[in-house]
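S.K.: predicted model and sequence follow; I will ask about them next.
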Amino acid sequence: MPKVLEQKLKLNNGTQIPIIGLGTYKLTDEQETYHAVLTALKNGYRHLDTAQYYGNEVIIGKAIKDSGIPRDEIFITSKIWNSDHDYEKALKQVDEMLECLRLDYLDLCLIHWPTPKRLECYRALEEQYQAGKLKAIGVSNFEVSHLEALL
């Protein structure tokens, strides 16, 4: 395996994230998605990035399972889409992502874009983090003003 695929960064809570990962945006064809994910895993990739919005979590889950690689060796990032940012929907979406991916936990769950309900969504992610369903939480595509409001 190339050394760069083994390199990791430490997040604030101590979780280690591989610095290189396979992004799965626009991978919607089932065969193409399955083959891309399985090939990446067999070639040393250990970080997969997906999102509800991409519509490919079920096939990614199948590829992870079929790879035979132990779960604790694969880092999975997913994101909650804008329409699901209210508190109850966000709680439900974490459970649905886990079900689609066939996982007990996500390594990282992000709020995909800042919306007016981003604080509700973040509160839900904090709850799922405390419950052990998420190893780390964060945001994507936020500007400084969004981060300041969140803090």
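M.R.: Sure, I can see it.

S.K.: show residues contacting the helix or strand that Gly138 is a member of.
M.R.: Secondary-structure assignment from DSSP states H and E places Gly138 in strand 137-139. Counting by CB atoms under 8 Å, 6 or more residues apart in numbering, the neighbours of strand 137-139 from elsewhere in the structure are 11, 108-111, 114, 118, 122, 125-126, 128-129, 146-147, 150. Just so you know, the C-beta spots here come from the backbone N, C-alpha and C atoms, and that holds for glycine as well.

S.K.: how far away from the center of its chain is the lengthiest helix in the chain?
M.R.: What stands out as the longest helix in the chain, according to DSSP state H, is helix 87-101. When distances are taken as CA atoms, centre = their mean, to the nearest Å, helix 87-101 is centred 12 Å away from the chain's centroid.

S.K.: which outside residues touch it?
M.R.: Taking CB under 8 Å, 6+ apart as the criterion, the residues outside helix 87-101 that touch it are 50, 52, 57-58, 60-61, 64, 76, 78, 80-81, 83-84, 104-106, 109, 117, 120-121, 123-125, 127-128, 133-134.

S.K.: continuing past the least confident helix or strand in the chain by mean pLDDT, what's the next helix or strand?
M.R.: Among the helices and strands of the chain, helix 3-6 carries the lowest confidence by mean pLDDT, DSSP states H and E, at a mean of 84. Using DSSP H and E, the helix or strand that directly follows helix 3-6 along the chain is strand 8-10.

S.K.: helices or strands up against that next one?
M.R.: Judged by 3 or more CB pairs under 8 Å, 6 or more residues apart in numbering; DSSP states H and E, strand 8-10 is in contact with strand 16-18.

S.K.: show me what counts as buried in the strand it packs on.
M.R.: For strand 16-18, the buried set under the neighbour-count rule, 16 or more other CB atoms under 10 Å, comprises Ile17, Pro18.
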